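A.B. asks: Build the 3D model from these lines:
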Amino acid sequence: MDALEAIRTRRSIRNFTGDPIPRQDLEALIDAARLAPSGHNEQPWDFIVVTDRAMIDQLKVAAGWMEKAGAIIAVVLDPSSRWWLEDGSAAIQNILLAAHALGYGACWLEGYTLPLEAKFKTLLGVPEDKRLLTLIPVGVPKERPEKEKKSLSAVLHWETF
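C.D. replies: Got it, this is the predicted structure:
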(Lines give C-alpha, C1' and ligand atoms only; values in the text may rest on other atoms or scores of the structure.)
Protein backbone atom coordinates (compact mmCIF):
# COMPACT_ATOMS: atom_id res chain seq x y z
CA MET A 1 0.00 0.00 0.00
CA ASP A 2 1.48 3.36 -0.93
CA ALA A 3 1.52 6.30 1.49
CA LEU A 4 -1.34 8.24 -0.10
CA GLU A 5 -3.56 5.15 -0.18
CA ALA A 6 -2.79 4.51 3.51
CA ILE A 7 -3.70 8.10 4.35
CA ARG A 8 -6.94 7.93 2.33
CA THR A 9 -8.14 4.62 3.77
CA ARG A 10 -6.94 4.60 7.40
CA ARG A 11 -9.68 4.80 10.03
CA SER A 12 -9.67 4.50 13.81
CA ILE A 13 -10.33 0.89 14.78
CA ARG A 14 -11.76 0.07 18.19
CA ASN A 15 -12.94 -3.50 17.66
CA PHE A 16 -10.29 -6.23 17.53
CA THR A 17 -10.31 -10.02 17.23
CA GLY A 18 -7.88 -10.53 20.12
CA ASP A 19 -5.35 -12.29 17.86
CA PRO A 20 -1.67 -11.75 18.69
CA ILE A 21 0.55 -9.57 16.51
CA PRO A 22 3.91 -10.98 15.42
CA ARG A 23 6.92 -9.37 17.08
CA GLN A 24 8.44 -8.32 13.74
CA ASP A 25 5.26 -6.37 12.88
CA LEU A 26 5.32 -4.61 16.25
CA GLU A 27 8.98 -3.75 15.69
CA ALA A 28 8.04 -2.37 12.24
CA LEU A 29 5.49 -0.06 13.90
CA ILE A 30 8.08 1.28 16.32
CA ASP A 31 10.60 1.62 13.53
CA ALA A 32 8.08 3.76 11.63
CA ALA A 33 7.53 5.86 14.76
CA ARG A 34 11.24 6.49 15.37
CA LEU A 35 11.59 7.73 11.78
CA ALA A 36 9.07 10.54 12.32
CA PRO A 37 10.30 14.10 11.98
CA SER A 38 11.26 15.88 15.20
CA GLY A 39 12.28 19.43 16.05
CA HIS A 40 16.07 19.82 15.80
CA ASN A 41 16.14 16.04 15.35
CA GLU A 42 15.93 15.62 19.14
CA GLN A 43 13.88 12.42 18.83
CA PRO A 44 12.51 12.79 22.39
CA TRP A 45 10.61 9.52 22.36
CA ASP A 46 10.56 6.04 23.75
CA PHE A 47 7.94 3.38 23.08
CA ILE A 48 6.73 0.57 25.31
CA VAL A 49 5.04 -2.33 23.53
CA VAL A 50 2.68 -4.22 25.82
CA THR A 51 1.45 -7.67 24.77
CA ASP A 52 0.98 -9.20 28.22
CA ARG A 53 -2.76 -9.81 28.73
CA ALA A 54 -2.59 -9.02 32.45
CA MET A 55 -1.03 -5.62 31.73
CA ILE A 56 -3.52 -4.92 28.95
CA ASP A 57 -6.28 -5.68 31.47
CA GLN A 58 -4.84 -3.01 33.76
CA LEU A 59 -4.47 -0.47 30.95
CA LYS A 60 -7.98 -0.99 29.58
CA VAL A 61 -9.41 1.17 32.36
CA ALA A 62 -8.72 4.04 29.93
CA ALA A 63 -11.15 2.49 27.41
CA GLY A 64 -12.80 -0.91 27.78
CA TRP A 65 -12.64 -1.61 24.04
CA MET A 66 -8.83 -1.97 24.34
CA GLU A 67 -9.37 -5.41 25.90
CA LYS A 68 -9.05 -7.33 22.61
CA ALA A 69 -6.06 -5.40 21.25
CA GLY A 70 -3.13 -7.59 20.25
CA ALA A 71 -0.79 -4.97 21.71
CA ILE A 72 -0.83 -1.54 23.26
CA ILE A 73 1.92 0.92 22.44
CA ALA A 74 2.70 3.49 25.11
CA VAL A 75 4.23 6.66 23.65
CA VAL A 76 6.65 8.19 26.16
CA LEU A 77 8.25 11.59 25.62
CA ASP A 78 10.81 13.85 27.18
CA PRO A 79 9.01 17.12 27.97
CA SER A 80 12.31 18.99 28.19
CA SER A 81 12.25 18.97 24.39
CA ARG A 82 10.61 22.16 23.14
CA TRP A 83 8.49 20.30 20.58
CA TRP A 84 7.71 17.12 22.50
CA LEU A 85 3.96 17.24 21.78
CA GLU A 86 4.43 17.88 18.07
CA ASP A 87 7.17 15.25 17.80
CA GLY A 88 5.08 12.71 19.67
CA SER A 89 2.08 13.43 17.45
CA ALA A 90 4.18 12.84 14.32
CA ALA A 91 5.42 9.52 15.73
CA ILE A 92 1.86 8.51 16.58
CA GLN A 93 0.65 9.28 13.06
CA ASN A 94 3.45 7.11 11.66
CA ILE A 95 2.35 4.24 13.92
CA LEU A 96 -1.27 4.59 12.81
CA LEU A 97 -0.35 4.63 9.12
CA ALA A 98 2.13 1.77 9.44
CA ALA A 99 -0.41 -0.34 11.33
CA HIS A 100 -2.95 0.21 8.56
CA ALA A 101 -0.40 -0.55 5.84
CA LEU A 102 0.39 -3.86 7.58
CA GLY A 103 -3.32 -4.76 7.78
CA TYR A 104 -3.88 -3.93 11.44
CA GLY A 105 -6.25 -1.51 13.08
CA ALA A 106 -5.24 1.09 15.64
CA CYS A 107 -6.62 4.08 17.48
CA TRP A 108 -4.95 6.98 19.27
CA LEU A 109 -6.44 7.21 22.76
CA GLU A 110 -5.87 10.98 22.97
CA GLY A 111 -7.44 12.47 26.09
CA TYR A 112 -8.29 9.17 27.76
CA THR A 113 -4.67 8.55 28.71
CA LEU A 114 -3.78 11.85 30.36
CA PRO A 115 -6.16 11.64 33.36
CA LEU A 116 -4.59 8.27 34.20
CA GLU A 117 -1.02 9.21 33.30
CA ALA A 118 0.43 8.86 36.83
CA LYS A 119 -1.16 5.43 37.31
CA PHE A 120 0.01 4.20 33.90
CA LYS A 121 3.52 5.57 34.37
CA THR A 122 3.79 3.55 37.58
CA LEU A 123 2.42 0.39 35.93
CA LEU A 124 4.80 0.72 32.99
CA GLY A 125 7.86 1.87 34.94
CA VAL A 126 8.08 5.19 33.10
CA PRO A 127 10.65 7.53 34.70
CA GLU A 128 9.22 10.46 36.64
CA ASP A 129 10.79 13.06 34.32
CA LYS A 130 9.07 11.60 31.22
CA ARG A 131 5.50 12.05 29.99
CA LEU A 132 3.13 9.39 28.77
CA LEU A 133 1.44 11.10 25.84
CA THR A 134 -0.90 8.32 24.83
CA LEU A 135 -1.66 4.64 24.50
CA ILE A 136 -2.27 3.16 21.05
CA PRO A 137 -4.18 -0.12 20.98
CA VAL A 138 -3.26 -2.13 17.87
CA GLY A 139 -4.85 -5.32 16.68
CA VAL A 140 -6.39 -7.44 13.98
CA PRO A 141 -9.54 -5.52 13.10
CA LYS A 142 -12.87 -7.24 13.65
CA GLU A 143 -14.46 -4.58 11.44
CA ARG A 144 -13.40 -1.55 9.43
CA PRO A 145 -15.88 1.28 9.84
CA GLU A 146 -16.27 3.72 6.97
CA LYS A 147 -16.63 7.18 8.45
CA GLU A 148 -17.24 10.02 6.05
CA LYS A 149 -14.53 12.68 5.94
CA LYS A 150 -15.14 16.29 5.01
CA SER A 151 -14.67 16.95 1.31
CA LEU A 152 -11.53 18.65 0.04
CA SER A 153 -13.60 21.62 -1.15
CA ALA A 154 -14.97 22.06 2.39
CA VAL A 155 -11.54 22.53 3.93
CA LEU A 156 -9.26 23.89 1.18
CA HIS A 157 -8.74 27.64 0.91
CA TRP A 158 -6.44 29.35 -1.60
CA GLU A 159 -4.48 32.47 -0.64
CA THR A 160 -6.83 33.54 2.20
CA PHE A 161 -9.42 31.88 4.40
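A.B. asks: Every contact and neighbour count from this point should use C-alpha atoms.
C.D. replies: Fine.
A.B. asks: Now stretch 138-147: average pLDDT?
C.D. replies: Mean pLDDT, stretch 138-147: 89.
A.B. asks: I would like the residues contacting it, please.
C.D. replies: Contacts to stretch 138-147, defined as C-alpha atoms under 8 Å, 6 or more residues apart in numbering, come from residues 11, 13-21, 68-73, 99, 103-107.
A.B. asks: tell me the mean pLDDT for the longest helix seen in the chain?
C.D. replies: Across the chain, the longest stretch assigned as helix under DSSP state H is helix 84-101. Mean pLDDT, computed over helix 84-101, is 97.
A.B. asks: Report the buried residues of it.
C.D. replies: Neighbour-count burial for helix 84-101, with 16 or more other C-alpha atoms under 10 Å as criterion, is recorded at 84-85, 87-101.
A.B. asks: which strands and helices sit next to the helix or strand following it?
C.D. replies: Downstream of helix 84-101, the next assigned helix or strand under DSSP states H and E is strand 105-106. Counting contacts by 3 or more C-alpha pairs under 8 Å, 6 or more residues apart in numbering; DSSP states H and E, strand 105-106 is packed against helix 84-101, strand 131-139.
A.B. asks: for those, which one sits closest to residue 32?
C.D. replies: The closest of the helices and strands packed on strand 105-106 to residue 32 is helix 84-101. By C-alpha to C-alpha, the value is 5.7 Å.
A.B. asks: outside of stretch 113-121, which residues touch it?
C.D. replies: For stretch 113-121, contacts defined as C-alpha under 8 Å, 6+ apart pick out 59, 62, 127, 128, 131, 132, 133, 134, 135.
A.B. asks: Weed out the non-buried ones from those.
C.D. replies: Buried by 16+ other C-alpha under 10 Å: 59, 62, 131, 132, 133, 134, 135, out of the contacts of stretch 113-121.
A.B. asks: which residue sits closest to the last one, ignoring its sequence neighbours?
C.D. replies: In space, not counting the residues next to it along the chain, residue 135 is nearest to residue 74; the distance is 4.6 Å by C-alpha to C-alpha, 6 or more residues apart in numbering.
A.B. asks: Am I right that the one you found is in a strand?
C.D. replies: Yes. Assessed with DSSP: H, G, I helix; E, B strand; the rest coil, residue 74 lies in a strand.
A.B. asks: does it have beta-bridge partners, and which?
C.D. replies: Per DSSP bridges, the residues bridged to residue 74 are residue 48, residue 135.
A.B. asks: since we're on it, how many residues are nearby?
C.D. replies: Around residue 74 there are 23 other residues, counting by other C-alpha atoms under 10 Å.
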